[in-house]
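A.B. asks: The amino acid sequence is not available; the structure is as follows:
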């Protein structure tokens, strides 16, 4: 059966005491509701998502969903006065379906993929599934100002969401519940247990981090848990580009990376803000590129394990960009000229230290934390297969020719073969450029276009602003199209062994 996630976002936030419902508050640069939706958007077991919104904020919810380009969200509907009313509204929409409905509180933004997976698997054999964790505290039954009973803590558990049901089961439970004049519910499994006592509710293990945002004091706790998860993800990620000698950092480096990744990201965010402010003041167009754009659209900020920032400019603006940055950057930041083999500009911070995996320390240049700036050139309207084959061939040859060589027959053969191949690919590219029109596409310069990508200008311009962390930066007009070209199914997280990082070691603040 299909698995349909119901994100319950109908709360008013009265207990929270904010001006808006708590599901619309920001956490790590993204609204709470977005974190919750994206957890189910990424999960491979989930086929469809329905968001049930506070009626007074229905339009705001629709805008959030539309802006994020979620692929699985099919409906955004109004909720009711109580949580159970929101569930009933969702049931009216899906009561004729043969499917599983998985209800989740929008204000539990840290639900893990493991929990969602376990609920979906359990629904293959169970009609109702609940998520619970043991209670660390002793609980009491109160009567007035006195303790009436102390239940055995071994049998007491705290309920979380998501909670999953076969459609027929939850529809029947609510049909019975609505006949009861005294009906009141705070969770859906409780409705099944009370009104369909013959239906067993299967239990799936929850997690402490899957906490609910209820009071103001909960928000910094959730943010701390979120940041801790980011650091743990980054600490466990090897780099496929790393030399074998450092591909498995020792425990010290793992702990160091876990501790320092978020400060590194925040430093890069400040650098990005400084750079883009200068570019905007000087009317120089830029837009988020690659993993930075992916982070903005999928995570609302940095990819959890990412340790660099990328932006693009038009190659025609390169000289103006250099003049503006060198004139207006603070004394602690510089813009060196790029090496000839890779025409990428790096704005570097002078009060930090950043060692990349590809760094062989043969070249004398600043090694501070940096922001990459890629100039994009107008690309002839080549067939895509031609572009990929020639660009990849040229870039691979160029990379091999510039790596460290030793005196051997193998090195001599490599220099000869790849020297000819690079020359041939370059000649074919430049000759073919004479016969194909320009103006429709932009791309990296040939020396740096290792993926052979071309981007349509009508999908790139006019630029629009998107949220990245707690700020806004320019991005392509159609980020979804742009990211699909670069990453394919960009909403799905890559396997852990494919989550690349760029650094061996970094020190965010030397002074």
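C.D. replies: Right, received. Where do you want to start? Keep in mind the model is a prediction, meaning the values are calculated, not measured.

A.B. asks: and the gap between the residue nearest in space to the middle of the chain and residue 35?
C.D. replies: When the chain is reduced to its mean C-alpha position, the nearest residue by CA atoms, centre = their mean turns out to be residue 299, at 2.7 Å. Distance of residue 299 to residue 35, given as CB to CB, to the nearest Å: 9 Å. Using the backbone N, CA and C atoms, a C-beta is placed for each residue, glycine as well.

A.B. asks: rewinding a little: wait, doesn't the residue nearest to the centre of the chain sit right on residue 39?
C.D. replies: No: using CB atoms under 8 Å, residue 299 makes no contact with residue 39, being 11.3 Å away.

A.B. asks: residue ranges of the helices in the chain, please?
C.D. replies: 32-42, 58-68, 83-94, 113-122, 167-177, 188-195, 218-235, 251-281, 290-299, 318-328, 384-402, 409-432, 457-460, 479-487 (DSSP state H).

A.B. asks: Mind listing what's buried along the last one?
C.D. replies: Within helix 479-487, the residues that qualify as buried by neighbour count (16 or more other CB atoms under 10 Å) are 479-483, 485-487.

A.B. asks: I'd like to know how many residues surround the nearest residue to residue 312 once chain neighbours are set aside.
C.D. replies: Spatial nearest neighbour of residue 312, excluding adjacent residues (CB to CB, 6 or more residues apart in numbering): residue 289 at 4.5 Å. When counting by other CB atoms under 10 Å, one arrives at 22 neighbours for residue 289.

A.B. asks: ok, residue 289 to residue 7 distance?
C.D. replies: As for residue 289, its distance to residue 7 is 31 Å (criterion: CB to CB).

A.B. asks: Let me see the contact set for the closest residue to residue 317 other than its chain neighbours.
C.D. replies: Once flanking residues are discounted, residue 317 sits nearest to residue 284: 5.0 Å by CB to CB, 6+ apart. By CB atoms under 8 Å, 6 or more residues apart in numbering, the residues touching residue 284 are 313, 317, 320-321, 324.

A.B. asks: Just the buried residues of those residues.
C.D. replies: The neighbour-count test (16+ other CB under 10 Å) marks 313, 317, 321, 324 as buried among the contacts of residue 284.

A.B. asks: Find the nearest non-adjacent residue to the last one, please.
C.D. replies: Spelled out, it's residue 324. Spatial nearest neighbour of residue 324, excluding adjacent residues (CB to CB, 6+ apart): residue 282 at 4.2 Å.

A.B. asks: From what I see, the one you found and residue 326 are in contact.
C.D. replies: No: if you go by CB under 8 Å, residue 282 and residue 326 don't touch, sitting 11.7 Å apart.

A.B. asks: Run through the residues that contact the closest residue to residue 5 other than its chain neighbours.
C.D. replies: Using CB to CB, 6+ apart and skipping the chain neighbours, the partner closest in space to residue 5 is residue 40 (4.1 Å). With contact taken as CB under 8 Å, 6+ apart, residue 40 is in contact with 5, 7, 46, 49, 72, 102, 104, 116.

A.B. asks: Bridging across strands, which residues link to the first one?
C.D. replies: Bridge pairing for residue 5 (DSSP bridges) gives the partners residue 49, residue 102.

A.B. asks: residues in contact with it?
C.D. replies: 40, 46, 48-50, 72, 102, 104, 162.

A.B. asks: Scan those residues and report the most crowded one.
C.D. replies: Tallying neighbours with other CB under 10 Å puts residue 162 at the head of these, with 31 neighbours.

A.B. asks: quick one, what contacts the nearest residue to that one once chain neighbours are set aside?
C.D. replies: Nearest residue to residue 162 in three dimensions, chain neighbours excluded: residue 104, at 4.1 Å (CB to CB, 6+ apart). Taking CB under 8 Å, 6+ apart, we find residue 104 in contact with 5-8, 36, 40, 111, 161-163.

A.B. asks: before we move on, what about residue 75?
C.D. replies: 50-51, 93.

A.B. asks: Show me the beta-bridge partners of it.
C.D. replies: Taking DSSP bridges as the rule, residue 75 bridges to residue 50.

A.B. asks: okay if I get the buried ones among the contacts of residue 284 as a markdown table plus distance to residue 456 and pLDDT?
C.D. replies: Converted to a markdown table, the buried ones among the contacts of residue 284 look like this (distance: CB to CB, whole Å; pLDDT from 0 to 100):
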| residue | distance to residue 456 | pLDDT |
| --- | --- | --- |
| 313 | 18 | 95 |
| 317 | 19 | 96 |
| 321 | 23 | 97 |
| 324 | 28 | 97 |
